[in-house]
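Participant: please work out how this folds:
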Amino acid sequence: MQTKRHRGSFMLRLMVFGFSVAVGVLAFWLLGYIVRDIDRVNGPNYTQMLESQLPQELQDERRLLTAQLSELKQRIAATERRRQLTSQTTRDSQQTINQLLELKRNADENETSLSDGQQQALTDSLRLFLENQNQIQTLNAELSSLNDQLDQLQDDQEENTKAVERASRPIRYEYDSLLQRHQWRLAAYKLAVLIPLLLIFAWLFVRHAGGAYSMLVYAFGGAVVIRVLLVMHDHFPAIYFRYILILLSLAIATGVLVRLLRLMARPSRDWLVRQYRESYAHFFCPICDHPIQRGPLKFAAWTRRSLKKQTPIAVDGDWDALDQPYTCPCCETTLFEKCETCQGVRHSLLPACEKCGAGQGSASAE
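Facilitator: Numbers count the residues shown, from 1 in each chain. This next block holds a predicted model:
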């Protein structure tokens, strides 16, 4: 006797689905931590390789030029600030001189003279103005010299950079080779953890697909499969990953198609019962899809699209007189027959009689 599988209530099915998603997310999260821990394995260090393999004179020259450029830029900035302060003092002195000259002009027009204090202020302002002008010219000359030195140092630094690039080119090639080798090593470490889990999932999928623990298997398996694909995407070259992904998808699609074709050629009992049940419920022959015109529907006509619009037909008289054995006139399949146990009319293609509950062939088995 086949064990019946109970579907459970809607809330129970919803909780099973929710916890299955939670298990899958947590498993994916856990595998992500494992993968990130593997990523902590130290790989080649480009800076250390440069320091150990680059000619020492180029490194010393680069450090010296960097220090000289930094010092020179600081001197230029300080000189520029001094020039700005001197320029501001010069503008203030010029404004004072203009005011004193305006006073002197008014005094000359009135045939008077400036006081000794005003005359001394005018003299001091003129002296300060001339000194500031000379200082500004000196600072401008100093800034020009510093900028020339800056241009020369930048040219020297550019030449040093080109020389460093030429000298570091083979080091860069070696670093890229070591880095690629390190990436392959990390991929091997990660796949060494994930591939056994993937094989376990494949075995569980074959053994428990459609079983009581199928949702648990799907949750863990989905997390492992997605993590494997992410690892391959991160470490495999794009051209390899593209082919691997296409071949994997082709293998999965082919496997599903073979399973479907096998199911159509040799359908399982549960699949047949589900198909027969749906066809009987919609009053269509499970074999050829012809409408089952029996009882009150003897002279009715409908399609699957118009079935929901049909008005229920009231039954007058004895239903037992209408409930008679029935054979599909299109494919000659017996759809309703007499039960061997209770002699009532039952569905021929369903496993149990709706009147007495007897299974097919139960009377002959007794």
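
Participant: and the residue nearest the centre of this protein?
Facilitator: Centroid check for the chain by CA atoms, centre = their mean gives residue 230 as the closest residue, at 9.6 Å.

Participant: wasn't that one part of a helix?
Facilitator: Yes - Residue 230: assigned to a helix according to DSSP: H, G, I helix; E, B strand; the rest coil.

Participant: now do it against residue 305, distance only.
Facilitator: Per CB to CB, to the nearest Å, residue 230 is found 45 Å from residue 305. C-beta here means a position set from N, CA and C on the backbone, and glycine is covered the same way.

Participant: equivalent analysis for residue 133, please.
Facilitator: 101 Å.

Participant: excluding chain neighbours, give the residue nearest to the residue nearest to the centre of the chain in space.
Facilitator: Nearest residue to residue 230 in three dimensions, chain neighbours excluded: residue 35, at 8.0 Å (CB to CB, 6 or more residues apart in numbering).

Participant: and the one you found, how many neighbours?
Facilitator: Counted with other CB atoms under 10 Å, residues neighbouring residue 35 total 18.

Participant: can you name the next helix or strand after the one helix or strand it maps to?
Facilitator: Taking DSSP states H and E as the definition, residue 35 sits inside helix 10-39. Moving toward the C-terminus from helix 10-39, the next helix or strand (DSSP H and E) is helix 46-53.

Participant: wait, residue 132 sits on residue 86?
Facilitator: Yes - here residue 132 reaches residue 86: they are 5.4 Å apart, a contact under CB atoms under 8 Å.

Participant: overlap in contacts, these two.
Facilitator: With CB atoms under 8 Å, 6 or more residues apart in numbering applied, the contact sets of residue 132 and residue 86 do not overlap.

Participant: list the contacts for residue 325?
Facilitator: Contacts of residue 325 (CB under 8 Å, 6+ apart): 334, 336, 337, 338, 345.

Participant: make sure the last one is actually in contact with residue 353.
Facilitator: This means residue 345. No - using CB under 8 Å, residue 345 makes no contact with residue 353, being 9.1 Å away.

Participant: just give me the neighbour total for the residue lying closest to residue 76 once chain neighbours are set aside.
Facilitator: The spatially closest residue to residue 76, leaving aside those adjacent along the chain, is residue 146, at 4.9 Å (CB to CB, 6+ apart). Residues lying near residue 146 (other CB under 10 Å) number 18.

Participant: repeat that for the one 4 residues further on.
Facilitator: Using other CB under 10 Å, residue 150 is surrounded by 16 other residues.

Participant: try residue 77
Facilitator: Residues near residue 77, counting by other CB under 10 Å, number 11.

Participant: state the distance from it to residue 71.
Facilitator: Distance, residue 77 to residue 71, by CB to CB: 11 Å.

Participant: and for residue 36?
Facilitator: For residue 36, the distance to residue 71 (CB to CB) stands at 44 Å.

Participant: now swap in residue 269 and tell me
Facilitator: Counting by CB to CB - residue 269 and residue 71 are separated by 90 Å.

Participant: try residue 98
Facilitator: Residue 98 is 41 Å from residue 71, where distance means CB to CB.

Participant: mind checking which helix or strand residue 59 is in?
Facilitator: Going by DSSP H and E, residue 59 is part of helix 56-109.

Participant: so after that helix, what's the next helix or strand?
Facilitator: By DSSP H and E, the next helix or strand past helix 56-109 is helix 116-208.

Participant: now do that following helix, average pLDDT.
Facilitator: The average pLDDT within helix 116-208 is 86.

Participant: also stretch 40-49?
Facilitator: Averaging pLDDT along stretch 40-49 gives 87.

Participant: buried ones in that stretch?
Facilitator: By neighbour count on 16 or more other CB atoms under 10 Å, the buried set for stretch 40-49 is 46, 49.

Participant: alright, that wraps it up for me.
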